[in-house]
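In: predicted model follows, preceded by the sequence.
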Amino acid sequence: MQSADVRTGTLVGPSEQEIDEVDLVPVRTYWQLVRKRFLRHRLAVMALVVLTVMIIVSTIVPLATGDAYKRSSIPLINDGPSLQAPPGYNQIGQNQFVRLMRASQTTLVIGFAAVFLIGIIGTVVGAIAGYFGGWIDNALMRFVDVILSLPFLFLILIIVSLFGFRDVRVVILAIGIVGWTTAARLVRAEFLAIRETDYASAAKALGVNHQRLIIRHLLPGAMAPLVVALALGVADAVITESALSVLGFGIAPPEVSLGQMLNDFRENFFAHPERIWYPGIALVIIVLCASFLGDGLRDALDPRQKADG
Amino acid sequence: MLTYTIRRLIQAIPIMLGISLLIFMIVQLAPGDPVDRFRTPQVRPAQLEALMRLYGLDRPIWEQYFKWLIAFFQFPFNEAAWGYSFNTNQPVRDMIFDRIPATVTLMGVALIVTIVVSLPIGIIAAVKQYSLADKIISGFATIGYALPSFLIGIYVLMFGGVWLAQLTGGAISFPLFGKQSLGKEGDVLDMAWHLVLPVTALAIQSIAGFSRYLRASMLDVLRQDYVRTAKAKGLSGRKVIAKHALRNALIPFITLIGLSLPALVAGAVITEAIFSYPGLGSLTINAIGANDFPVVYATGMLTGFFVILGNLFADILYGVVDPRIKY
C-alpha cells in the first residue's frame, strides 16, 4: 500500500518490510506467489528435476557420440551388456544405450516443438475468433468442430502419409496442424471474458489499435491457462509421436525415437523382452513428468482451476 | 425433446458437409493423381487420358466433389457408392461392412467389462475416501490414465501371449499374432479366446478413466445436503449410497458412456493394430499406409458421422436421466 506523507507531500513507496494493512501478510509479487505455489507441489518439483536431468543427459550423450546410434557392427549383434552399452546391442548390432539416448532426445524435441507449434496456431486462431467475434468467430469455431469430429490419430496419419517421407519435421508439423484446436478454444474463451473487462474497455477508449490491444492488453491475461494446457499437451504430443512409430508411420530409420524402439516388440518378445522394457520406461517417465509438471503449473499459475479426482 | 433432437440433427448437417469437404480436400492435396499407378512405359499417354475421362478426373474439382458426395449416400442401393479399393478392387462398401461386426464385438465387450468393473471400484473409492482401497484404486487410475494405449497393448500382449504360456508350460496361452485358432475357426469359443487380450488392454485404460470420473462425481454428491438428511433420518449406509447418492452420481457417468459409443464403430486403431485384430481400425491404417483413398474417404466419413451421432445421443440421454435438464 502506498500512503502519502503529509508533511513533505511526497509518496512513500512500499518498502521491503512493509506489511499489508488489510490481512497483515507480507506483500508478494505475482511471480513470488507463483513460485511459492509451485514449490509446494512436491510431485511437480520432482518431475521438473527428473525432466531436466533427462534433457541434459539426452542432449550430451548424442552430442558426444556423434552418429554412433546408427552405426551397426556385425560381430556385436545381440551382444550382452557391457561397459560401452549397459543394455547390450540389438539384432543389427547397434549400441542400445546410445540409441536410447538419441531416441529420448528425438522424442523430447518432437514433444516440445509440436506443442510450440500448437501454441502459436492455437493462440492466433483463438485470439482472432475471440477478439473479433461475429461471423469470423462462427466460421473458425465450426472449423474446429469439424476437426474435432474426426479422430485425432486418423487426421495425423493422413497428413503424415501425404508428405510421402517421414522425418522429425513431418511428424512435428502433422501433430501441430491437427492438435491446435483445444488451445484455440481455450484462448477464445479467455478473450471473450477479458474483452469485457474494464481495463480492456479503458485501453480501447484510449484509442489503442487492434493489434496492440490484442498483444499487449488481452494476451497476457489469457496466458496462464494456455501455458498449463500446453504443458499437459507435451505428454499428448510425446504419446502421439510414439503411437505413430508403433503403427509404422513415425520417423524413418536410421533415425530413432522411443516409439520406434518399441516397435521392434514382435521380434523381441521371446529372446529379448528387456528391449521392450527400457524404451517403454523412458517413455512413461517422460509422460508422467510432463503431466505432473502440468498439474504443478496449474496450481501455481491458475489456482482457480482445480484438478479433478 | 423431439424439436430439440430435430434441431440438433439439422445443425449437424453443415458439420457433416464440413467433414466431407475436409477429407476430400486433404486427399486432393496428395502429390500425383489416381492414375499414377498405371503410369508405366508400356502405357501410352492417350490411354491414361482416356482413363482420366472415364473416372471423371478431367472435370473441375467442385464437380468431382458433388458427384462423390451424392454417390456416397446411395450406399444402401449401390455397391459402387463408396468406390472400389485401389488395392483389391473390391467394393469399399462391402469391405467396411465385413469389418464392422468384429469391431463392434471388440469395443462392445470392452465397454461392458469397463462399466461392470469401474462401477463398484469407483463407488468404493468415493465412499471410503482416503482409505487404503481408495489409494490403490486412485493410484491405478492415475497411472492407467497416463499410460499410452500402445504401451498397455504391448505389455498385455507380452504377459498374456508369452509369459503366461511360459509360466504354465503352454497350458494357458493366448493368440500372439491373430493367426492361431482354438477349436474351429469362427466358433464362439475361438472368438472369445481372441478377444481376451485386446479387451483387457482396452479395458485397463477405460476403467482408469471411468472409475476416476465416477469417484469424483460420487464425492460431489456425497457432500450434498439431501444425503446428510437421508443419513440423519436413520437410513442404512447401503441404502443411502445405492438409492440416494448413486443415482445422481450416475448422471455424468451415463454421459461418458454415451460419448464412448462412436468408438464402438470407429474401433481402436492402435489396439487393433497391435493385436492384429481384423476390425475397422486396422483396415483404416492399412488403407492410409497404401494410399487407398476410396477406403480412407469412407472410413473418415463413417467415423465423423458416428461421432456426431454419439454426441447427440449423449446429450439426449443426459436430458432423459436428469429431469432438471430442459431442452
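Out: Yes, it's here.

In: may I ask which helix or strand of the chain has the lowest mean pLDDT?
Out: I went with chain A, as the question did not name one. Ranked by mean pLDDT, DSSP states H and E, the helix or strand of chain A with the weakest confidence is strand A:3-4, at a mean of 45.

In: oops, I was thinking of chain B
Out: helix B:262-266 (a mean of 74).

In: what sits up against that helix?
Out: Residues from elsewhere that reach helix B:262-266, judged by Cβ atoms under 8 Å, 6 or more residues apart in numbering or on different chains: A:151, B:100, B:103-104, B:107-108, B:111, B:280-281, B:302-303, B:306-307, B:309-311. Bear in mind the C-beta positions are built from the backbone N, C-alpha and C, glycine included.

In: now the buried members of those residues.
Out: Buried members of the contacts of helix B:262-266, counted by 16 or more other Cβ atoms under 10 Å in any protein chain shown: A:151, B:100, B:103, B:107, B:111, B:280-281, B:302-303, B:306-307, B:310-311.

In: please name the nearest non-neighbouring residue to residue A:260.
Out: Once flanking residues are discounted, residue A:260 sits nearest to residue A:245: 4.3 Å by Cβ to Cβ, 6 or more residues apart in numbering or on different chains.

In: if I read this right, that neighbour contacts residue A:255, doesn't it?
Out: No - applying Cβ atoms under 8 Å, one finds residue A:245 not in contact with residue A:255, separated by 10.3 Å.

In: between these two, point out the one with more neighbours.
Out: residue A:245 (26 against 16; other Cβ atoms under 10 Å in any protein chain shown).

In: buried set for the helix or strand harbouring the more buried one?
Out: For residue A:245, the element it lies in under DSSP states H and E is helix A:219-246. By 16+ other Cβ under 10 Å, the buried positions in helix A:219-246 come out as A:219, A:221-222, A:224-246.

In: chain neighbours aside, what residue packs nearest to residue A:153?
Out: residue B:269 (5.7 Å).

In: an error on my part: the question was meant for residue A:178.
Out: residue A:155 (4.6 Å).

In: tell me how far that neighbour lies from residue B:19.
Out: In this view, residue A:155 and residue B:19 are 11 Å apart by Cβ to Cβ, to the nearest Å.

In: show me which of those two is the more surrounded one.
Out: Relative neighbour count places residue B:19 above the other of residue A:155 and residue B:19, with 22 against 19, counting by other Cβ under 10 Å.

In: wait, what's in contact with the spatially closest residue to that one that is not a sequence neighbour?
Out: In space, and not counting its chain neighbours, residue B:19 is closest to residue B:304: 4.0 Å by Cβ to Cβ, 6+ apart. By Cβ under 8 Å, 6+ apart, residue B:304 lies in contact with A:149, A:150, B:16, B:19, B:23.

In: so which of those residues comes closest to residue A:204?
Out: Nearest to residue A:204 among these is residue A:149, at 35.9 Å by Cβ to Cβ.

In: count of neighbours near the closest one?
Out: Using other Cβ under 10 Å, residue A:149 has 23 neighbouring residues.

In: likewise residue A:36?
Out: The tally of other residues near residue A:36 (other Cβ under 10 Å) stands at 11.

In: next, the contact list for the closest residue to chain A within the stretch 1-150 of chain B, please.
Out: Closest to chain A within the stretch 1-150 of chain B is residue B:18: 3.8 Å, counting by Cβ to the nearest Cβ. Taking Cβ under 8 Å, 6+ apart as the criterion, residue B:18 is in contact with A:142, A:143, A:145, A:146.

In: how about residue A:55?
Out: Per Cβ under 8 Å, 6+ apart, neighbours of residue A:55: residue A:108.

In: could you do residue B:152 as well?
Out: Per Cβ under 8 Å, 6+ apart, neighbours of residue B:152: B:144, B:201, B:204, B:205.

In: circling back to that earlier point, next SSE after the helix holding residue A:245?
Out: As assigned by DSSP H and E, the chain's next helix or strand after helix A:219-246 is helix A:258-262.

In: verify the stated contact: residue B:284 with residue A:154.
Out: Yes - applying Cβ under 8 Å, one finds residue B:284 in contact with residue A:154, separated by 6.7 Å.

In: quick one, grab the pLDDT at residue B:173.
Out: In this model, residue B:173 is scored at 69, pLDDT.

In: sweet, I'm off.
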